[in-house]
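> Pasting a predicted model and its sequence here:
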Amino acid sequence: MHSTNDSGFAGPDEPVPPAIRRLSAGEPVAAVWVNGSGGVAFRIGSGPDRFAKWAPAGSQLDLAAEAERLRWAHRFARVPQVLAAGEDPDGSWLVTTALPGETAISDRWKADPATAVRVGGAALRALHDALPVADCPFDWSVGARIGRRGLSGPAADQLLADAPPVDRLVVCHGDACSPNTLIDADGRYAGHVDFGDLGVADRWADLAIGTWSTEWNYGPGWEELYLEAYGVPADPLRLRYYRRLWELT
């Protein structure tokens, strides 16, 4: 399960794994983000920056799967380009190019939530419109998510039974929270990051988390603006269902 509530900016004392040191080839390395599953993202470089994700062994973070998804999505949308991916007994890594801009929860954009939320909703719509469903080999449907998490028994059966009819199939981001949207210096959409769960699903699987994260990151009262920027009226039934699914998977 992913949640912005157990992730955040990295502190200055975050250790750099040996594999990331090797990959940096002597360039500066700084931790920038820690997620709740134990993964850490590092910025590498003093010129054209790169980012390296690190997943310790046993963390259940599948960076090889994310690399595969990024390679596919890079042909169609504003996502980082994969430069390297690999693993050793200590963990795995994924190195990508840096995109322009900064996270929508940087100090600048948290001080201007109206812009950040508006860009977030419009950015998710742009991503959904850009990624071709027919060409996507990855599945993020309700059944796929339940199976991937190994859920079974009455709880899984109830989740499947309660799933609302699909509104519109899109290639979902898979973690459409505010930190994964990038905004450039002029307040425009710059790209998305963090694609470990990208796959085909109802657009409300993303919208439920995109809207929910506005409350986590900016406070209550921003969901309507996010949906307006995306271009869809609220659907309380689907929002509730996909938030429940998120918490359970």
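Thanks, I have it.

> For the protein, name the helix or strand with the lowest mean pLDDT.
Within the chain, confidence by mean pLDDT, DSSP states H and E is lowest for strand 8-9 among all helices and strands, at a mean of 82.

> Who does that strand pair with, and is each partner parallel or antiparallel?
Looking at strand 8-9 with DSSP bridges, its partner strands are strand 29-34 (antiparallel).

> any idea which helix or strand comes after the partner strand?
strand 40-44 (DSSP states H and E).

> between that next one and strand 29-34, how big is the angle?
150 degrees (axes from the mean of the first three to the mean of the last three C-alpha atoms, to 10 degrees).

> Figure out how far strand 40-44 is from the centre of its chain.
16 Å (C-alpha atoms, centre = their mean, to the nearest Å).

> likewise stretch 170-186?
That offset, for stretch 170-186, works out to 7 Å (C-alpha atoms, centre = their mean).

> got the CA positions of that stretch in CSV?
Backbone C-alpha positions of stretch 170-186 (Å, rounded to 0.1, in the frame of the first residue of the first chain) are rendered in CSV as follows:
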residue,chain,number,x,y,z
VAL,A,170,-7.6,4.7,-19.1
VAL,A,171,-3.9,3.9,-18.4
CYS,A,172,-3.8,4.9,-14.8
HIS,A,173,-0.7,6.4,-13.1
GLY,A,174,-1.2,4.0,-10.2
ASP,A,175,-0.2,6.5,-7.5
ALA,A,176,-1.7,9.8,-8.6
CYS,A,177,-1.0,11.7,-5.4
SER,A,178,0.2,15.3,-5.4
PRO,A,179,3.9,14.6,-4.7
ASN,A,180,4.2,12.7,-8.0
THR,A,181,3.1,15.7,-10.1
LEU,A,182,5.8,18.1,-11.2
ILE,A,183,5.2,21.8,-11.8
ASP,A,184,7.6,24.1,-13.7
ALA,A,185,8.8,27.5,-12.6
ASP,A,186,5.9,29.1,-14.6
